[in-house]
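Q: With the input below, show me the fold.
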Amino acid sequence: QVQLVESGGGLVQVGGSLRLTCALSGRTLSGYIVGWFRQAPGKEREFVAAIRWIGGVTSYADSAKGRFTISRDYSNNTMYLQMNSLKPEDTAVYSCAASRNPMLVNWASQPQYDYWGQGTQVTVSS
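A: Numbering: from 1, shown residues only. As a prediction, this is how the structure comes out:
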C-alpha cells in the first residue's frame, strides 16, 4: 500500500508559478511510475506528467511541455511538479498517483495507476 499526500496548491495570477509536492509513503517505490493528473471544473481528469521513480525518465502532456517540470527526491520520497507561466486553463484539482507496473506503456492511462492522493486545488486568476 502507498499513501500519497499533495500540497502546494493555491491561488496565483496568470504568468505566475507554483510548486506542487506529493509525499509518498508506505513501501519502497522501486519500479513505480508516479505522476500528476488534474481535473478542471466540468471536465474529465487528464494526465499532466509522470516520472519513473528509478531512472527519472519523464513524460508530459502537450499542455505541460515547456512550462511544467516533474521531479522526485529519493531522500524523502517526495515528488514535485514545478509549474511556470501558469494560465487560467491550468485551474484544476491536481492529484498525484502511483503505478506499481514498471512495464507501463501508456503513462497517461488512469486505470493503470493503483494509488491516488486526495488532490490540491490550483486556481489561476486573470
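Q: which residues sit in contact with the residue nearest the centre of the chain?
A: Closest to where the C-alpha atoms of the chain average out (C-alpha atoms, centre = their mean) is residue 36, at 1.9 Å. Listed by C-beta atoms under 8 Å, 6 or more residues apart in numbering, the contact set of residue 36 reads 20, 22, 48, 49, 50, 70, 79, 81, 94, 95, 96, 97. For the C-beta atoms, the positions are set from N, CA and C on the backbone; glycine is no exception.
Q: Nearest to residue 107 among the residues you listed?
A: Taking C-beta to C-beta as the measure, residue 50 is the one of those closest to residue 107, at 4.4 Å.
Q: For the closest residue to the closest one other than its chain neighbours, pull up the helix or strand it's in.
A: The spatial neighbour of residue 50 that comes closest, neighbours along the chain excluded (C-beta to C-beta, 6 or more residues apart in numbering), is residue 35 at 3.0 Å. Element membership of residue 35, judged by DSSP states H and E, is strand 33-39.
Q: Adjacent strands (with direction) for that strand?
A: Within its sheet, and counting by DSSP bridges, strand 33-39 is paired with strand 46-52 (antiparallel), strand 92-99 (antiparallel).
Q: List the buried residues for that strand?
A: Buried residues in strand 33-39, counted by 16 or more other C-beta atoms under 10 Å: 33, 34, 35, 36, 37, 38.
Q: now stretch 48-64
A: Result for stretch 48-64 [16+ other C-beta under 10 Å]: buried residues 48, 49, 50, 51, 52, 53, 59, 60, 61, 63, 64.
Q: try stretch 69-88
A: 69, 70, 72, 77, 78, 79, 80, 81, 83, 86.
Q: so the second one makes contact with residue 37?
A: In this case it means residue 70. No: contact criterion C-beta atoms under 8 Å: residue 70 and residue 37 do not qualify, at 11.8 Å.
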